[in-house]
Each structure stands twice: as structure tokens, then as C-alpha cells.
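Visitor: I'll drop the sequence and a predicted model, then ask my questions.
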Amino acid sequence: MFSGDPADWIEYDKRQFRQILGRLTRVITGTLDPHLARYPDGEWAQFATAQLTGVRGTLAQLSQ
């Protein structure tokens, strides 16, 4: 249950974004980075990394 204070809602939202950011960062560093290290010209991994890096930047801003 949420309190009636919007500041509490914002803090909750930020915590959620931080959690998603952590998961996404682990996907990038644990899955895509090794893929790119082995196949640096792989189009799919480059595309996925580019897209998710943008999402990571957005989540980092939202979690502040």
C-alpha cells in the first residue's frame, strides 16, 4: 500500500528503476559483452548492445 505522500511514490519508483538497471547491466556485461568479445562483428549483439545501452542511460537518469 502506498502512503498519501507523492514523495514516497517517487522513492518507490526510483528503487524499482535501480533494480531494473542492475538487472539490465548484468545482462549487458554478462551476456552481450562476452558475445561481442568473441564475435565483435556480430550484427545482432551490436544492435542489442546499442539499444540496451540507451535504455540503461534512461534508467540511470530515472533512478536518480
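Guide: Cool, got the structure.
Visitor: Tell me the gap between the helix or strand that contains residue 44 and the middle of its chain.
Guide: For residue 44, the host element (DSSP states H and E) is helix 43-62. Computed by CA atoms, centre = their mean, to the nearest Å, the chain-centroid distance of helix 43-62 equals 7 Å.
Visitor: what's it packed up against?
Guide: Under the contact criterion of 3 or more CB pairs under 8 Å, 6 or more residues apart in numbering; DSSP states H and E, helix 43-62 touches helix 6-27, helix 33-38. Using the backbone N, CA and C atoms, a C-beta is placed for each residue, glycine as well.
Visitor: State the mean pLDDT of the last one.
Guide: Summarised as a single mean, pLDDT over helix 33-38 is 95.
Visitor: Residues touching that helix, excluding its own?
Guide: The contact list for helix 33-38 (CB atoms under 8 Å, 6 or more residues apart in numbering) reads 42, 45-46, 49.
Visitor: ChimeraX command for the buried members of those?
Guide: Of the contacts of helix 33-38, the buried ones go into a single ChimeraX selection, burial set by 16 or more other CB atoms under 10 Å:
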select :45,49
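Visitor: and of the contacts of helix 33-38, the nearest to residue 20?
Guide: In terms of CB to CB, no member of the contacts of helix 33-38 lies closer to residue 20 than residue 49, at 17.2 Å.
Visitor: residues touching the closest residue in space to that closest one that isn't next to it in sequence, list them.
Guide: Of all residues not flanking residue 49 in the chain, residue 32 sits nearest, at 4.9 Å (CB to CB, 6 or more residues apart in numbering). With contact taken as CB under 8 Å, 6+ apart, residue 32 is in contact with 45, 48-49, 52.
Visitor: and if you look at residue 40?
Guide: Under the criterion of CB under 8 Å, 6+ apart, residue 40 has no neighbours.
Visitor: For it, what are phi and psi?
Guide: Phi and psi for residue 40, reported as degrees, to the nearest 10, are phi -60, psi -20.
Visitor: what's the spacing between it and residue 32?
Guide: Per CB to CB, to the nearest Å, residue 40 is found 12 Å from residue 32.
Visitor: how many neighbours does residue 21 have?
Guide: By other CB atoms under 10 Å, 19 other residues sit near residue 21.
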